[in-house]
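[1] 3D, please:
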Amino acid sequence: MNDVRKAYGEIEAVKGVSFSVNEGEVFGLIGPNGSGKTTTLRMISTLLRLTSGSINVCGHDVTGDPDKVRGVISYLPEDAGAYKTLTGRAYLRFMAGFFADGEEYEKMVDAGIKLADLGDRIDSKVDTYSKGMARRLLIARAVMPSPKIAIMDEVTSGLDVINAYEIREIIRGITKKGVTVLLSSHNMFEVDMLCDRIAMINEGRLVLTGTPAELKERYGAANLEEVFVKAVKG
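    Residues are numbered from 1 along each chain as shown. Alright, predicted model coming up:
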């Protein structure tokens, strides 16, 4: 994305942000709540129109060719939910129907069930799932169509330590299968463990980009939280 801006009337939520994501990496967009992370992901996902600038996803412009962009990405928002009256299996079968039929449909459903890894609970209703179980199901739904890029917003928000760890392991497994992951988080310790490269954003502006190790070394910091504070305060 290049010099991307998003304004709501006189309020500019994203102020000239530029960064690139390499194929096959986990790229983290990090910053405090209200910094513009979700707005940026929604523009990349074609859900919000850019005020100015450009975003290219796998050779497709999000403004000029949004349908082709949607064909190569999946987007999992922080507040995503599944149909609570369906079982996990029925939910995956329902969602797979939007992408495939016949043998490909069955393969997609099988891939989703394997990825969710819910055991016998795959046949329980979603409204009986813990938050961690529901998040696993939603990640499976997002990844089973084999997108080139999986975009995830605050994917471990509200999860306990064990569930957050399991979700991170799922994300690592996704990249080994060739899926590029772009995620946002305000949890900088988590991003340090998970991401190959990161972009730090604050008040709609890009602050820093680089690998976690590079940024910590540059600022003589023990962790990314310390890097962020030093970068913002100058």
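[2] okay, CA-based contacts and neighbour counts for the rest of this
    Will do.
[3] how near is Lys6 to Ile113?
    Remark: distance between Lys6 and Ile113 (Cα to Cα, to the nearest Å) = 38 Å.
[4] and Lys177, by the same measure?
    The gap separating Lys177 from Ile113 is 16 Å, by Cα to Cα.
[5] wait, doesn't Phe189 sit right on Ala222?
    No - with contact defined as Cα atoms under 8 Å, Phe189 does not reach Ala222; the gap is 10.5 Å.
[6] who does the residue most central in space within the chain bridge with?
    Centroid-nearest residue in the chain: Met152, 1.6 Å away (criterion: Cα atoms, centre = their mean). Per DSSP bridges, the residues bridged to Met152 are Leu76, Leu183.
[7] now do the same contact list for it.
    Met152 makes contact with Tyr75, Leu76, Pro77, Glu78, Val181, Leu182, Leu183, Ser184, according to Cα atoms under 8 Å, 6 or more residues apart in numbering.
[8] and the furthest pair within the residues you listed?
    Spanning the widest gap among the contacts of Met152 are Glu78 and Val181, at 15.0 Å by Cα to Cα.
[9] between these two, which one's more packed in?
    Using other Cα atoms under 10 Å as the criterion, Glu78 and Val181 rank with Val181 on top: 26 against 17.
[10] more neighbours: which of Lys177 and Ile113?
    A side-by-side neighbour count of Lys177 and Ile113, using other Cα under 10 Å, places Ile113 first with 22 against 10.
[11] that one is in contact with Ile139, isn't it?
    No - using Cα under 8 Å, Ile113 is not in contact with Ile139, being 10.7 Å away.
[12] mind telling me what element Glu23 is part of?
    For Glu23, there is no helix or strand it lies in under DSSP states H and E.
[13] for Leu47, same thing?
    Remark: Leu47 resides in no helix or strand, with elements defined by DSSP H and E.
[14] how close does it get to Ala199?
    Distance, Leu47 to Ala199, by Cα to Cα: 21 Å.
[15] can you map out the helices along the protein?
    Counting by DSSP state H, one finds helices in the chain at the ranges 37-44, 66-70, 88-96, 102-116, 131-143, 161-176, 188-194, 212-219, 224-233.
[16] turn those helices into TSV, including mean pLDDT and distance to Val17.
    Listed next are the helices of the chain as TSV, based on pLDDT from 0 to 100; distance: least, Cα to Cα, whole Å:
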stretch	mean pLDDT	distance to Val17
helix 37-44	96	9
helix 66-70	96	19
helix 88-96	97	33
helix 102-116	95	34
helix 131-143	94	26
helix 161-176	90	25
helix 188-194	88	20
helix 212-219	96	19
helix 224-233	90	16
